[in-house]
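Undergrad: The sequence and its predicted three-dimensional model are supplied below.
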Amino acid sequence: MSVAENRIFEITGMKKLLLLLIVAITACQKKEQVDLLVVNATIYTVDSAFSTAEAMAIRDGKIVSVGTSEELEAKFLADSSWDAGGSFIYPGFFDAHCHFSYYGLGLQQVDLTGTTSWEAVLTRLDSFAAIHPQGWIIGRGWDQNDWQNNDLPERSQLDLRFPNRPVYLTRIDGHAAVANGEALRLAGITANTRIAGGEIQLANQQPNGILIDNATTLMDAVVPKPDVASWRRALLDAQARCLAVGLTTVAEAGLDCLQIVLMQQLEQEGLLKIGLYPMISATSPQFDYLLAQGVQRSDRVHVRGVKFYADGALGSRGALLHEPYHDHGPHKGLLLTPKADFLEKAERLYQAGFQVNTHCIGDSANTMVLNWYEQVVDTDRKHRWRIEHAQLVRENDQERFAALAVIPSVQPTHATSDMYWAEERIGSERIRYAYPYQDLLRKTGLLALGTDFPVEGIDPLKTFYAAIFRQDVKGWPEGGFTPQQRLTREQALRGMTIWAAYAQFEEKEKGSLEKGKNADFVVLDKDLLKAEREELLQTKVLNTVVNGKLVFTR
């Protein structure tokens, strides 16, 4: 080849290279810029078709597009790209009913969950007292139904160990507590003390330490109140625990103004990552003030719900029943909120656009509250009022949930915790309509799923497991507890995501992985829709992402 020919070849080659660069640059310029591109995943979008995708593009904390990896890589230029390696991605999990602040506060107290006897409780108290030698001893989490002796505890051993130091221990459901003599003395509780909606149990004509439902409020004036620093720590500790199990939004069922203000402050400081839906307690001293403030909503904190209590819990026989308890007749439970008080507040809340969420466990409580709702709301579904727990609901009342557009907010792990003794409490006839999740779903079209933590464990994967199997971790009972009430896997996942979002007016921003919604998602190592029972129990959260930002990684 001559020098001239070689020169022509070089020029031609340069032109070709330049042309390729121009084409490449032009192609890049046509691509849409995004912050993050997630590829090579199995993404359960939980959209209306329950479709799956491989990839997701995110910009400014919002989902820009979902589709195949090939499609999105051709369409978008990302600041960072993440190959999920075939992991499974779901919308960030909701807990539609929990006690977020108090869970965090409980991490600063004596943890009595999982104790198998009263003696085990006392051992934990001794250990705590050795490290903290002064002040009140406060704990939570005991459950006599988990003990060989199912009788409620009494104060005698507490008095022997701590004669001059007040002790106050709340049952796991928050509807009963045991106090020692010094705590009762400070609260002024005697054999003659009475309170509506509560019970002070006696032995030998003296308080034996057990306080049930509204009787526990008699301790409020003397039990030391956490300071602001303790509440801030509680909120941040609870947030860290929630994000680690894949929870990106939680609804807190009943609290005061202080906790809500602190939540808002933490958001302003950039410390709040999790979405919060705090329900104001209807008994809060700040109820009127918060009602006057109206509905409040920011990126992370949404104040719209109000929590009422109609009755107590089944475990402590405070749930309000139509007929007496099977194992404790003629007792029928406790009414915690008078009708007149409820209706007066509920009407004001309805006019102000607030959502009413009422704790109802017993069949009588559910009937009564549906009657009350009927006197206040229209049936246009706009109000989205809820009944929390709905553990025992007669068939005709199940129909009324649908007729009144009332949302059932239920906790599947309650069924699997209570199944060992529930029939003993209510008998074989009523057990047919106990924890009737599938029946309620068929009639209403959706369920909001939660845990009620710290009454139950915090892990939403246990919610999923309990909902679809209705068994304990050992696979008991075979076929599941009242198996006709089991949810399908798709139903359970919707209940933990899009249905829970709807139940707090957030379905347009959260609850599914669709264009325009928040990039809140959780990455798991297993496929919830296909994994075997044993595999589900071993499933791990690999990553949690809120608004497109990584907030937890294993």
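TA: Arrived safely.
Undergrad: ok, so what distance separates residue 544 from residue 524?
TA: According to C-beta to C-beta, to the nearest Å, residue 544 stands 10 Å off from residue 524. In this view, the C-beta of every residue, glycine as well, is placed from N, C-alpha and C.
Undergrad: quick one, which of the two is more surrounded?
TA: Comparing residue 544 with residue 524 by other C-beta atoms under 10 Å, the one with more neighbours is residue 544, at 26 against 20.
Undergrad: Does that one touch residue 522 like I think?
TA: Yes. Between residue 544 and residue 522 a contact is recorded at 5.3 Å, counting by C-beta atoms under 8 Å.
Undergrad: about what we covered before: give the residues shared as contacts by residue 544 and residue 524.
TA: Residues within reach of residue 544 and of residue 524 at once, by C-beta atoms under 8 Å, 6 or more residues apart in numbering, are residue 246.
Undergrad: can you pull the contacts of residue 414?
TA: Residues in contact with residue 414 (C-beta under 8 Å, 6+ apart) are 389, 391, 435, 452, 455-456.
Undergrad: Can you flag which of those belong to strands?
TA: Within those, membership in strands is found for residue 389, as judged by DSSP state E.
Undergrad: Just give me the residue right at the centre of the protein.
TA: Using C-alpha atoms, centre = their mean, the residue of the chain that lies closest to the mean C-alpha position is residue 95, 2.8 Å off.
Undergrad: Quickly find the element holding it.
TA: Remark: residue 95 resides in strand 93-98, with elements defined by DSSP states H and E.
Undergrad: picking that back up, let me know the closest of the contacts of residue 414 to residue 139.
TA: Within the set of the contacts of residue 414, residue 455 lies nearest residue 139; the separation is 14.5 Å, counting by C-beta to C-beta.
Undergrad: before we move on, back to that, surely the residue nearest to the centre of the chain is in contact with residue 459?
TA: No. Using C-beta under 8 Å as the test, residue 95 is too far from residue 459 to be in contact (9.9 Å).
Undergrad: Give me the buried positions along stretch 440-457.
TA: Counting neighbours by 16 or more other C-beta atoms under 10 Å, one finds that the buried residues in stretch 440-457 are 440-441, 443-444, 446-457.
Undergrad: which two in the residues you listed are spaced the farthest apart?
TA: Those two in these that are separated most widely, counting by C-beta to C-beta, are 443 and 454, at 30.6 Å.
Undergrad: Show the pLDDT at residue 12.
TA: According to the prediction, residue 12 has pLDDT 52.
Undergrad: hey, where'd the strands end up in the stretch 201-350 of the chain?
TA: In the stretch 201-350 of the chain, the segments counted as strands under DSSP state E, counting those that start in this stretch are 206-213, 247-255, 275-281, 296-297, 302-303, 305-309.
Undergrad: and residue 503, which of these is closest to it?
TA: Closest to residue 503 of the strands of the stretch 201-350 of the chain is strand 247-255 (C-beta to C-beta; 7.8 Å).
Undergrad: I'd like to know which elements that closest one is packed against.
TA: strand 93-98, helix 100-106, strand 275-281, strand 305-309, helix 498-502, strand 541-546 (3 or more C-beta pairs under 8 Å, 6 or more residues apart in numbering; DSSP states H and E).
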